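> got a predicted structure here, sequence first:
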Amino acid sequence: MSRTVYVNGAYVPEHEAKVSVFDRGFLMADGVYEVTSVVDGKLIDFAGHAKRLARSLGELEMDNPLSEAELLEIHRELVTRNDVSEGLVYLQITRGAADRDFAYPEVARPTVVLFTQHKTLVDTAAAERGISVISIPDERWGRRDIKTVQLLYPSMGKMMAKAAGADDAWMIEDGLVTEGTSNNAHIVKDGRIVTRHLSNEILHGITRAAVLRFAREAQMEVEERAFTLDEAQAADEAFVTSASTFVTPVVRIDDAPVGAGTPGPVARRLREIYIEEMRRAAI
Ligand code: PMP
């Protein structure tokens, strides 16, 4: 069955959804995106995603064409029209169509596209068994705090992981773990959660922020600092966070099992708390 997607103010069947070949998102990856998960037909942490979207647009001097209320309305309408009980809403805003030029166009109308995907998020094999990651050099650009659609290196990373028989990759820069290809990376040692501090080097994960807040509320110790690959391999536990994976345990990094090589109690507990709290607050 064809999905209904949103393109520049209109709800249309997916095969009728079109954007210009001159769109700067297509030509120059001049666009930003957000992915908001849906559980029980409701949006998880919509406000967090709306806030980061505004920040990404601001960093690129792009106009925000929609108010938060309008954005919420579109998200909800798509969830309803496509009957999504569990899955994702993908949102992309580009600078719009203009004659090809490196300089930003003086006037361009942003392109806005949203679509949904059905996806199992809560009861997943990855959460049950944990995932394996390989380490790869972080060869992305330096403004990873902006959620742009230039995702080629993360795609290459996923393919490197696949070729190595692993589930994902953690990226390393100057000997330190930055993040996963599409998630934030965390380790646990002696009961303390260690996760890289916020900077331009990583995406400021919305799930990361919520999970750290819940961890602190549950009296867990959290240390925000960079950590090495050796430290990660010697940790008691490791896990990743993202809107689509929530909290997912990492049980192997390259050749080394993490802890017992099975999901540990901290990651399990944080996943439980996150899902419970977010379900309660979903809109
Ligand atoms: N880092 C990167 C590089 C990502 O692509 C993502 C997911 N888009 C994340 C972290 C996690 O961010 P969030 O929790 O907001 O999904």
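Noted; the coordinates are in hand.

> off-centre distance for the longest helix along the chain?
Secondary structure of the chain per DSSP state H: the longest helix is helix 265-281. In this view, helix 265-281 has its centroid 17 Å away from the chain centroid, taken as C-alpha atoms, centre = their mean, to the nearest Å.

> cool, stretch 152-159 as well?
14 Å.

> what of stretch 272-283?
Relative to its parent chain, stretch 272-283 has a centroid offset of 17 Å by C-alpha atoms, centre = their mean.

> do stretch 136-144 as well
16 Å.

> next: stretch 112-127.
Computed by C-alpha atoms, centre = their mean, the separation of stretch 112-127 from the middle of its chain amounts to 12 Å.

> same question for stretch 58-65.
Centroid displacement of stretch 58-65 relative to its chain, using C-alpha atoms, centre = their mean, is 20 Å.

> what's the answer for stretch 84-101, then?
Taking the mean of its C-alpha atoms, stretch 84-101 sits 15 Å from the chain's own mean (C-alpha atoms, centre = their mean).

> how about it: buried residues?
Within stretch 84-101, the residues that count as buried by 16 or more other C-beta atoms under 10 Å are 84, 87-98. Placement of C-beta: from N, CA and C, glycine included.

> just the pLDDT at residue 169, thanks.
Note on residue 169: pLDDT of 98.

> would you agree it is in contact with residue 163?
No: applying C-beta atoms under 8 Å, one finds residue 169 not in contact with residue 163, separated by 10.5 Å.

> so between these two, which is more surrounded?
Between residue 169 and residue 163, residue 169 has the larger neighbour count (other C-beta atoms under 10 Å), namely 24 against 9.

> can you tell me the SS state at the more buried one?
Taken by DSSP: H, G, I helix; E, B strand; the rest coil, the conformation at residue 169 corresponds to strand.

> how close does it sit to the ligand?
For residue 169, the distance to the ligand equals 11 Å [C-beta to the nearest ligand atom, to the nearest Å].

> please name the residues that touch that residue.
By C-beta atoms under 8 Å, 6 or more residues apart in numbering, the contact set of residue 169 is 133-136, 157-158, 160-161, 180-181.

> dump the residue contacts of the residue nearest the centre of the chain.
Centroid-nearest residue in the chain, with C-alpha atoms, centre = their mean: residue 242, separated by 4.7 Å. Residue 242 makes contact with 180, 182-184, 205, 207 under the criterion C-beta under 8 Å, 6+ apart.

> how about it, phi and psi?
With angles defined as degrees, to the nearest 10, residue 242 sits at phi -170, psi 170.

> in the sheet, which residues pair with it? Tell me.
Beta-bridge partners recorded for residue 242 (DSSP bridges): residue 246.

> on that earlier part again, which other helices and strands contact the longest helix of the chain?
Applying 3 or more C-beta pairs under 8 Å, 6 or more residues apart in numbering; DSSP states H and E, one finds that helix 265-281 makes contact with strand 31-39, helix 206-217, strand 237-242, strand 246-253.

> now, of these, which is deepest in the fold?
For these, the largest average neighbour count (mean count of other C-beta atoms under 10 Å) is found in strand 237-242, namely a mean of 27.

> could you count how many residues lie near residue 202?
Using other C-beta under 10 Å: residue 202 sits among 23 other residues.

> name the residues that touch the helix or strand that residue 90 is a member of?
Assessed by DSSP states H and E, residue 90 sits inside strand 87-94. Strand 87-94 is contacted from outside by 19, 23-26, 30-38, 43, 49, 53, 57, 62, 64-65, 71, 75, 78-79, 110-119, 121, 149, 243-244, using C-beta under 8 Å, 6+ apart.
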